[in-house]
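Enquirer: Here's my sequence, what's the structure:
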Amino acid sequence: MTPSKLGFTVGIAAFVLTTLAWLLLQNLSLGDKLIDERIEVGYAASDPQFERVMGAVLGPTIVGGNRVQALQNGDEIFPAMLGAIRSAQHTITFETYIYWSGSIGKEFAQALAERARAGVRVHVMLDWWGSGLEASNLDAMRAAGIALQRYNPPRLTTLGRMNNRTHRKLLVVDGRTGFTGGVGIADAWRGQAQDPQHWRDMHYRVEGPVVAQLQAAFLDNWVGLTGHLLHGQKYLPPLAAVGTQAAQAFTSSSGGGAESMQLMMLMSISAARSTLALSMAYFVPDNVAVNSLVAAARRGVRVQMIVPGAYTDSELVRRASRFEWGPLLRAGIEIYEYQPTMYHCKVMIVDGLWTSVGSTNFDSRSFSVNDEANLNVLDASFAEAQRATFDADLQLSRRVTLAEWESRSWTDKLLDALAGTLSSQL
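Expert: Next comes the predicted model:
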């Protein structure tokens with residue numbers, strides 16, 4: 001090879017490597033940190049100003065007249081979702097992060113396909129990274145007439161945004177019945193969390209005016225993927241009051257407003273005056289979140305949280321979480337590890353009045369790059385019921401004391417610190 005050809009080849013190789021390195025850095029980056037100080041509010045969750053701010057500033061509006069039913073674990077969650085799908089007359093919109101092959105995945109595919117063949121307009125959005133259905137299953141769903149989209153598949157023009165995933169769990173049937181929460185469509189969620197192979201989780205069936213907001217969250221992502229706006233009464237029918245609960249469907253997206261979910265969480269924590277209960281599958285707080293939780297404890301709020309214990313699908317996340325516990329434990333915050341199985345719940349209860357449930361984890365990924373959706377409910381009776389569920393989970397959890405945390409072995413401390421250096425990527 002002549003020197004000129006060698007130089008040209010080296011130049012091309014350098015350009016390719018530089019481009020790949022840039023794309024890798026773009027993927028690893030979770031974006032600029034937009035919230036860099038503790039959020040302080042001068043009112044409690046019970047103050048009408050809290051409702052106004054959550055509805056007017058963060059949006060959408062908190063609407064009354066809803067009925068939200070809590071569902072525990074796969075034995076309650078999956079039959080309710082499948083029953084709603086099988087009853088569909090006009091439309092089904094379904095967006096999820098995890099959809100894996102297995103028996104429950106097959107049941108959902110068959111139910112959705114049957115309704116599509118019956119003339120129901122079925123729209124399914126599966127995250128490209130999180131869903132693991134074989135191509136044959138996807139082809140069968142499309143052959144039945146299902147409009148199926150994969151969220152953010154890898155393309156040369158979008159490699160810099162590979163970190164952006166839809167982590168939402170949304171199902172809306174006929175624009176009238178909605179479901180959201182933490183459950184994925186996989187056999188790990190079947191059963192009643194009876195052993196380490198069956199996970200503990202919560203999902204929620206929703207009726208009333210707030211269902212239109214859940215639907216709007218799906219429609220927003222659908223038009224972004226396809227350029228096709230779904231509208232009309234089959235998707236957005238008039239919704240009368242069916243209950244007494246005030247609620248809002250709160251969303252975030254890396255395309256704009258990714259920081260809004262973190263802001264909502266921090267404002268909720270800052271509004272706590274007596275109790276704060278937090279169930280969290282992946283808890284890796286940044287300094288702002290740690291400071292907000294510590295400030296709540298110091299002003300007299302009893303802060304209790306349940307996180308996964310030894311049974312976890314990510315030991316790296318568990319270690320990165322433990323690395324951050326020192327200031328929390330020193331402030332008197334109670335941290336419990338769930339013992340029977342993987343704990344996948346994502347629930348926050350403030351002062352027995354304000355409850356936030358949905359897909360959002362307490363980590364940088366949920367707060368920065370994931371598309372998330374939470375259902376916020378402003379209702380004392382609903383919060384009381386969720387608190388009872390939290391307390392039942394507490395009985396199956398083991399409290400981690402400050403003394404225990406400080407007396408970890410040097411190897412555990414080192415591994416936790418190493419995981420902590422990656423916390424912004426988890």
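Enquirer: Report the central residue of this protein.
Expert: Computing the C-alpha centroid of the chain and ranking residues by Cα atoms, centre = their mean puts Ser359 first, at 1.9 Å.
Enquirer: residues contacting it?
Expert: By Cβ atoms under 8 Å, 6 or more residues apart in numbering, Ser359 lies in contact with 97, 167-169, 180-182, 346, 366, 370, 372-374. Heads up, the C-betas are built off the backbone N, CA and C, glycines and all.
Enquirer: May I ask which helix or strand encompasses the closest residue to Val400 other than its chain neighbours?
Expert: The shortest distance from Val400 to any non-neighbouring residue, by Cβ to Cβ, 6 or more residues apart in numbering, is to Ile335 (5.0 Å). Per DSSP states H and E: Ile335 is located in strand 334-338.
Enquirer: Which elements pack onto the helix or strand following that strand?
Expert: From strand 334-338 onward toward the C-terminus, using DSSP H and E, the following helix or strand is strand 346-350. The contact analysis (3 or more Cβ pairs under 8 Å, 6 or more residues apart in numbering; DSSP states H and E) places strand 346-350 against helix 260-271, strand 275-280, strand 354-358, helix 380-395.
Enquirer: And the contacts of Ser359, which is closest to Gln89?
Expert: For the contacts of Ser359, the residue nearest Gln89 by Cβ to Cβ is Thr180; the value is 21.2 Å.
Enquirer: With just CA atoms, put whichever strand or helix holds the closest one into CSV.
Expert: Secondary structure from DSSP H and E places Thr180 in strand 177-181. The C-alpha trace of strand 177-181 is given here as CSV (Å, rounded to 0.1, in the frame of the first residue of the first chain):
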residue,chain,number,x,y,z
THR,A,177,-61.1,2.0,31.0
GLY,A,178,-57.4,2.5,31.7
PHE,A,179,-54.6,0.6,33.3
THR,A,180,-51.2,1.8,34.5
GLY,A,181,-48.6,0.8,37.1
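Enquirer: Could you list the residues in contact with it?
Expert: By Cβ under 8 Å, 6+ apart, strand 177-181 touches 71, 77, 80-81, 84, 168-172, 201-207, 210-211, 214-215, 249, 346, 357-359, 373-375.
Enquirer: Out of those residues, name the ones that lie in strands.
Expert: Under the assignment DSSP state E, these contribute 71, 170-172, 202-207, 249, 346, 357-358, 373-375 to strands.
Enquirer: Mark which of those residues are buried, thanks.
Expert: When these are checked for burial by 16 or more other Cβ atoms under 10 Å, the buried set is 71, 170-172, 202-207, 249, 346, 357-358, 373-375.
Enquirer: list the contacts for Val350?
Expert: 45, 268-269, 271-272, 275-276, 383.
Enquirer: For the protein, give me the ranges with low pLDDT.
Expert: Along the chain, segments meeting pLDDT under 70 span 1-38, 155-162, 254-258, 424-426.
Enquirer: repeat that for 80
Expert: Low-confidence segments of the chain (pLDDT under 80): 1-41, 153-163, 253-259, 423-426.
Enquirer: Let me see the contact set for Thr355.
Expert: 347-349, 376-377, 379, 382-383, 386.
Enquirer: Okay, helices next: where are they in the stretch 51-200 of the chain?
Expert: With DSSP state H, counting those that start in this stretch as the criterion, the stretch 51-200 of the chain has helices at 73-86, 103-117, 135-143.
Enquirer: Of the ones you listed, which is nearest Lys234?
Expert: With respect to Lys234, and counting by Cβ to Cβ, the nearest of these is helix 103-117 at 13.1 Å.
Enquirer: The closest one to helix 135-143, inter-axis angle?
Expert: For helix 103-117 against helix 135-143, the angle by axes from the mean of the first three to the mean of the last three Cα atoms, to 10 degrees is 20 degrees.
Enquirer: What are the phi and psi values at Val183?
Expert: Dihedral angles of Val183 (phi, psi; degrees, to the nearest 10) stand at phi -80, psi 140.
Enquirer: wait, doesn't it sit right on Ile77?
Expert: Yes - if you go by Cβ atoms under 8 Å, Val183 and Ile77 touch, sitting 5.2 Å apart.
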